[in-house]
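In: Next comes the sequence, and after it the predicted model I'd like to discuss.
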Amino acid sequence: MSNCPCSEFRRFKDEDISIVMEYLKKSKYIESNHNIVNMIMWRFYFPLWICVQKEYLCLIGKHKNQWFMYMPLCEEKYFKQAVLCTKQYFENAKIPFVMSCFTYHQAHMVKEIIPDMQIIEDRDGFDYIYSIEQLKTLSGKKLQKKRNHLNAFYKEYENRYMYEKISHSNISECIDFLEQWKNDEEDSMLLEEKKGIKEVFRLWDVLPCEGGLLRIDGVVKAFVISSPLFDKVVQVNVEKADIAIRGCYQAIMVEHIKACLSHYEYVNREDDMGLDSLRQAKMAYNPCSFVSKYRLQKEVFYD
């Protein structure tokens, strides 16, 4: 793994989790990449480096050989200071100052601070936001098909299924199910995701996440992992179910919301990565809003 060109940054490690969580609380973001469970899940595929100051914590990532800055983790009054300091670090390292995973408000704050930065919309990175109440009941005409799948599940497995919270006593069963889930596919992102989920389970006592599983006839057939964002928003980080069982995805979602998430108002179910199938699936659940995201880089002018 390459070293970060900015000497002020160090590689993100397990022992940094608590301090990153502390600064995440100050930043009050509801964007899915600025979530500690997401960071742990994807830190091998999307490596992270951190720089900790009293007023702020900054993150640098690398994707497709491009170094970039995430939104600074801080109170808003320190946002400008964090951006300008990191910009200086990039310039000292002689690499282009690029920013990614910025929400609308933060992207336009950067534009005021550095006017020659170009804001580029990243539709593939938009997060999907849903009403907890609507997902808990799958109510409404637009969710009729999903409700039909759920009802079919309850009818078929009425006396055979059981929801159970994830704990150390059943994590190994979740991992066994994960190993079997789409194990005939060689998709690199899928393999990285599985690797990341195992990291989350390894750090289960350290991370602020909750999980639930579904058993049918005593065997794990689905599980979900969620974690808090800011205020009344929760993020679903992982959701896996046996695709051969009709309604299994709907059932694990509804059962987990009822058991653990009813005190939230909204759920962030992350982005669609630009995959048409995933976009259609997320749109089918009738999102109530999106978290739009942007990339920023220095404007290029042509004569």
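Out: In hand now; what should we look at? Numbering: from 1, shown residues only.
In: how much space between the nearest residue to residue 135 once chain neighbours are set aside and residue 297?
Out: Nearest residue to residue 135, sequence neighbours excluded (Cβ to Cβ, 6 or more residues apart in numbering): residue 257, at 5.9 Å. Yep, even glycine has a C-beta here, placed from its N, CA and C like the rest. Remark: distance between residue 257 and residue 297 (Cβ to Cβ, to the nearest Å) = 39 Å.
In: Can you pick out the residue with more neighbours from the two?
Out: Between residue 257 and residue 297, residue 257 has the larger neighbour count (other Cβ atoms under 10 Å), namely 22 against 17.
In: now the strands for the stretch 101-250 of the chain?
Out: 117-121, 127-131, 161-165, 210-216, 219-228, 233-241 (DSSP state E, counting those that start in this stretch).
In: who wins for proximity to residue 77 among those strands?
Out: strand 117-121 (20.4 Å; Cβ to Cβ).
In: how far does the closest one sit from the chain's center?
Out: 22 Å (Cα atoms, centre = their mean, to the nearest Å).
In: which parts of it are buried?
Out: Buried positions in strand 117-121, judged by neighbour count with 16 or more other Cβ atoms under 10 Å: 117, 119.
In: what's that strand packed up against?
Out: Under the contact definition 3 or more Cβ pairs under 8 Å, 6 or more residues apart in numbering; DSSP states H and E, strand 117-121 sits against helix 104-113, strand 293-298.
In: Quick check: residue 232 vs residue 261, distance?
Out: 10 Å.
In: more neighbours, those two?
Out: residue 261 (21 against 13).
In: For that one, list the residues it contacts.
Out: Contacts for residue 261 (Cβ atoms under 8 Å, 6 or more residues apart in numbering) come out as 132, 210, 226, 234, 267.
In: neighbours around the last one, how many?
Out: Here the count is done by other Cβ under 10 Å, and residue 267 has 27 residues near it.
In: which residues sit in contact with it?
Out: 129, 130, 132, 135, 226, 233, 234, 235, 236, 257, 261.
In: Please indicate which of those are buried?
Out: Buried members of the contacts of residue 267, scored by 16+ other Cβ under 10 Å, are 129, 130, 132, 135, 226, 233, 234, 235, 236, 257, 261.
In: Could you double-check that the first one lies in contact with residue 266?
Out: Yes. The pair formed by residue 129 and residue 266 meets the contact definition of Cβ atoms under 8 Å, at 5.4 Å.
In: Overlap in contacts, those two.
Out: Each of 233, 288 lies in contact with both residue 129 and residue 266 under the rule Cβ under 8 Å, 6+ apart.
In: For residue 62, give the beta-bridge partners.
Out: residue 67 (DSSP bridges).
In: Would you check how far apart it and residue 70 are?
Out: For residue 62, the distance to residue 70 - Cβ to Cβ - is 11 Å.
In: residue nearest the centroid of the chain?
Out: Per Cα atoms, centre = their mean, the C-alpha nearest to the average position across the chain is that of residue 32, at 3.8 Å.
In: Tell me where the model's unsure across the stretch 201-303 of the chain.
Out: Applying pLDDT under 70 to the stretch 201-303 of the chain picks out residues 300-303.
In: circling back to that earlier point, who's in contact with the residue nearest to residue 135?
Out: 132, 135, 136, 267.
In: possible to save these as a markdown table with distance to residue 283?
Out: A markdown table is the format used below for those (distance: Cβ to Cβ, whole Å):
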| residue | distance to residue 283 |
| --- | --- |
| 132 | 18 |
| 135 | 14 |
| 136 | 19 |
| 267 | 15 |
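In: Can you say which two of these are spatially most distant?
Out: The span of the contacts of residue 257, defined through Cβ to Cβ, is set by 136 and 267 at 9.8 Å.
In: so residue 290 sits right up against residue 130, yeah?
Out: No. Residue 290 is not in contact with residue 130 according to Cβ under 8 Å; the separation is 10.5 Å.
In: Which of the strands of the stretch 101-250 of the chain sits closest to residue 192?
Out: The nearest among the strands of the stretch 101-250 of the chain, by Cβ to Cβ, is strand 233-241 at 13.0 Å.
In: and the closest one, which strands flank it?
Out: Paired strands of strand 233-241, with direction, are strand 219-228 (antiparallel), strand 266-268 (parallel) (DSSP bridges).
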